[in-house]
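Colleague: Predicted coordinates and the sequence they were generated for:
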Amino acid sequence: MMKELKMKEVKTTIDPTALSAFAIYKNLIPGMSKYEDTRSSTVKKKRKKSWPELKKELNPQPAIPNQLATRTKTKKKRGNRNKMRKLEHIEEVRVVENVNELSQKEITPVSQKLGKNKKKKLRKLNLLQNGQKDMTPSHKQVQAIPSNIKHPYNLIHPESPRHNGVKMGTKSKKSTNQEKPSASGPRPNIVSYFSSEPIRDSVEHGKSLFEWLIHPTPLSTFFSEYWEKKPLLIKRPKEPSYYKWLMSSDTLDDILRKNCIKFGKNIDITSYINGERETHNPEGRAHPPVVWDFYASGCSVRFLNPQTYIKSLWRLNASLQEFVGTFVGANVYLTPEDSQGFAPHFDDIEAFVIQIEGKKVWKLYNTPNKDEILPRFSSRNFNEEKDMLGEATMEVVVEEGDLLYFPRGTIHQAKAVQGHHSLHITISAQQGNSYADFLKIYLSTALEATVAELVQLRRGLPTDFLSFMGLVHSDSKDKTLKRKRQTFEKKVQNLAQKVLAMPMDFAADQMGKKLIWDSLPPFLTAKEKRTSVYGDAEFMDRGKIRNRGEVDPDTEVRLIRRNTVRLLIEEGGLRLYFSCENSLEFHGDEAKYLELDDDAGQALEALINNYPSFTKVEDLPITDQGLKLRLVGDLWEKGLLTTKTPLSPHMFDNEAVESDGDETDRSLSSEPAGFSLDEDEEESGEEEEGEEDREFIDDDTTEESQSSESGEDSLPQLVKRK
C-alpha cells in the first residue's frame, strides 16, 4: 500500500492539463479515490522532509529480483515541481512472481488515444522481458498494466502472437513459410553494406548480404534445414519495397533503349498456353516497341545476365559469390497479368526468387525419380497431365518483397495473378559445384599424374582378358575363369588405390580455376578505387603526366578480394588466374592469368594467406628488394592489389606546372569501363543514413571490363603476361 501524502498548508493553482491526467488515474486505479481532495485540501506537515526522502518514501522498490512491477508515472516538469509533486508520485506498485499469474484482463493492449497535452504528461509504458537479471535501474522491467487504465500507446502482451521479443513501439517482422524459422534479429541495413567505404573482408561482407537476402531466417537455420533440402517462403507484407532498389520494370525499358540488346543472346520472348511452351524470338536487336508488343500480347520477357547492365545486381551478385564460393548469376522475368511463360521444369541451380513488382502463384512439385534429386543438369519441359506431376507440394502467392527459395531439382511453374503483372529476379548459385564434379576432375587428374609415376599402369592388359571379363562371363561357373577374374579384379583395385592416394589439391585448384573464370569481376567501392589502379596514380593533364605514384618498401598492400585469384601449377610452371578483367557476360572472354617464377609464387602465397590484413612490401618472402617492388607493381597494375593508403605523388614526368584556376582531383575522373560508381557516390564518398535506398544505386548501363595490353619491353622479370 502506498503511504498517504501530507504536506504543509499550500494554496496553489492546478494546471488543467495535469488535473485531467490525474483525474484519469484517480478513478481507474484502486485506492486512488482517497487522494481526490489532496490536490486542494489543507494538510499540516509535522516535519519538513527533503525531496529525496519524500521520493524514497513514496516510491518503494521491489525487493526480490526477477519480479514484475507496475507503475504509472507522469513526466516531471522543471520549474513546476510543486504542482506536479503530488501527481508524479501517486502510484500503485504491484509485485508478482510470474507474468503468467496476470490474467488477460489485467494485461491487455490499449489503443484509446489522448490529446497532445495529455501525452506530454504521460510516459510511454513498454513491455520488456526482464529475463534472469536482477531488477535494478539499469535493467528493463516488464510492466503489468491494469486493464482499466487507458493509455495512448498500443502495448503488446508478451504472450500475444505479435510479441517476438522485440522492443515495443517497433514493428515486428513475420515470415510466412512452411517451417516458420525464428527471427534472426533486426533487419540488416542494406545502405551500410553498399556504402563507399572499403570492404574489410569480402567473404564476411558477402555473408552479411546473404543474411540480408534471407532475413529474418537465421543463416544457421537456412543451411541446416533448407539448403539443398526443401523450399522456403519468406513473406514481407509490411516491406513490399525490400528488393525494389535493385531494379524496376522501367529499368528494362531503359536498357533496351540505351544498349544493343539481342534476341536469343540477352533476351527471350516466351509463352505457355494450353500446355505448349513456345519461344518467339525474332532475329537481331530487341527494340523496345517490338518487345512491348509481344508483352501486350501476353508473352513473358526473360532478360539474361542482367548484372551486365544493372550495377546494383552486379554489386550484389559479386559480393554473394565471395561467400557461397560459386558463380552467382541472375535472370529477370517480366510477365503480364494472368499469363505464364514457362512450362513446369526443374533447374540445376539453387534458386532464390525475389519479387520486385506484382505477384505470382508458384506451384512446386517433388521430383518422382530419385536420380533427379539435386540434378547436375536441367530438365526438359514437363506436361502437368502427361507426366503425372500430381498435386503440388507447395502452392503459394509470392508478392512484392517476398522471397521464395527452392533447391535444384524442384519442379516448378509460376503464373501471374489476374489484375497484376509480375517482375521478379531469380538469383542462382551452386551450379556445377557438387562432389561429382569434383571427383570427375580429381579422378582424371590423379590418373594422369599416377600414370607418369607408375610403370605398372602403363603395362599391357592380359592377352586373353576379354575371354573372362565382360557381361557374358560375369555369371560363369568355370573355376578357371573365376580364378582369372578374381586375379584381374584384385590387380585393378590395387592400381586404383594408388591412383586415389594422389593428393586432391590439384583437383581443388582446377575447381578454383573454373570459379575464377565463371566469376563476375569484383565491384569496387569509391574509396577502394582511390587505393588501386582504377583511381590512383598517374593521369594526363594538358599533355603532362601528373600524380605519378611509386610503390616503395613501406607500402602496405593486400588482395583486392579474397577469391579473385587462384595460384596453381600448370604445364610445369606457376600460373596466377584472376577475375578482375572478366567480362560481365558469362564467359565473355577467355580466362586471364599471369605466369610466375618460383620466388613470386612464395610472395603470392603470403598475400593470399594474409588476407584481409595488409602486408608491407619489404616483408614479402623474396630476398631481392628489386624483385619485390617489380612484382608488387605489376600485380597492382593488373588491378589485383589495393594499398592501405593512396600512393603519394612521387614525381612529375615533366616540369612542375602551377595550377591556374580551380583544379579537380583527376585521379578519379577516368575510370575503366565496368568499374564506375554512380556520380553521387563518387562525390559524397559515403551514403547518408536517411536517404532512400534507390539513391545509392545507379541503373545506368555499364560496359564490360576491358583489359589493357602492355608492350613486351615493359615486362617485369618475375611476371610474364599472357
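Modeller: Perfect, thanks for sending it. Just so you know, these numbers come straight off a predicted model, no measurement behind them. Numbers count the residues shown, from 1 in each chain.
Colleague: Spatially, and excluding backbone neighbours, which residue is closest to residue 281.
Modeller: residue 263 (4.0 Å; C-beta to C-beta, 6 or more residues apart in numbering). Using the backbone N, CA and C atoms, a C-beta is placed for each residue, glycine as well.
Colleague: thought the one you found was touching residue 279?
Modeller: No: under the criterion of C-beta atoms under 8 Å, residue 263 makes no contact with residue 279, lying 9.4 Å away.
Colleague: what residues are shared contacts of those two?
Modeller: Common contacts of residue 263 and residue 279 (C-beta atoms under 8 Å, 6 or more residues apart in numbering): residue 269.
Colleague: Compare the two and say which is more crowded by neighbours.
Modeller: residue 263 (18 against 13; other C-beta atoms under 10 Å).
Colleague: show me what contacts the more buried one?
Modeller: Contacts of residue 263 (C-beta under 8 Å, 6+ apart): 269, 281, 282, 283, 284, 285, 286.
Colleague: want to throw the residues you listed into JSON lines with distance to residue 465, neighbour count and pLDDT?
Modeller: Formatted as JSON lines, the contacts of residue 263 follow (distance: C-beta to C-beta, whole Å; neighbours: other C-beta atoms under 10 Å; pLDDT from 0 to 100):
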{"residue": "269", "distance to residue 465": "57", "neighbour count": "23", "pLDDT": "98"}
{"residue": "281", "distance to residue 465": "53", "neighbour count": "15", "pLDDT": "97"}
{"residue": "282", "distance to residue 465": "58", "neighbour count": "14", "pLDDT": "96"}
{"residue": "283", "distance to residue 465": "56", "neighbour count": "7", "pLDDT": "96"}
{"residue": "284", "distance to residue 465": "59", "neighbour count": "11", "pLDDT": "96"}
{"residue": "285", "distance to residue 465": "60", "neighbour count": "14", "pLDDT": "97"}
{"residue": "286", "distance to residue 465": "59", "neighbour count": "24", "pLDDT": "97"}
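Colleague: Let's see which of those residues end up in strands.
Modeller: residue 269 (DSSP state E).
Colleague: Looking at the contacts of residue 263, which are in helices?
Modeller: In helices, judged by DSSP state H, none of those are found.
Colleague: From the contacts of residue 263, pick the one nearest residue 541.
Modeller: residue 285 (39.4 Å; C-beta to C-beta).
Colleague: Thought residue 305 was touching residue 586, still the case?
Modeller: Yes: using C-beta under 8 Å, residue 586 makes contact with residue 305 at a distance of 6.0 Å.
Colleague: Give me the common contacts of the two.
Modeller: By C-beta under 8 Å, 6+ apart, residue 586 and residue 305 have these common neighbours: residue 329.
Colleague: out of the two, which sits in the busier spot?
Modeller: More crowded of residue 586 and residue 305, by other C-beta under 10 Å: residue 305, with 21 against 16.
Colleague: Now for residue 570, how many residues are close by?
Modeller: What residue 570 shows, counting by other C-beta under 10 Å, is a neighbour count of 14.
Colleague: Please report how far residue 366 lies from residue 231.
Modeller: According to C-beta to C-beta, to the nearest Å, residue 366 and residue 231 sit 10 Å apart.
Colleague: intersection of neighbour lists for the two?
Modeller: Residues touching both residue 366 and residue 231 by C-beta under 8 Å, 6+ apart: residue 410.
Colleague: Wasn't residue 247 part of a helix?
Modeller: No: counting by DSSP: H, G, I helix; E, B strand; the rest coil, residue 247 falls outside a helix, being coil.
Colleague: what residues are up against it?
Modeller: With contact set as C-beta under 8 Å, 6+ apart, residue 247 has these partners: 306, 310, 312, 313, 332, 356, 425, 699.
Colleague: so the third one sits right up against residue 246, yeah?
Modeller: Yep, that's residue 312 we're talking about. Yes: the pair residue 312 and residue 246 qualifies as a contact (C-beta under 8 Å) at a distance of 4.9 Å.
Colleague: give me phi/psi at residue 242?
Modeller: In terms of degrees, to the nearest 10, the main-chain angles of residue 242 are phi -60, psi -40.
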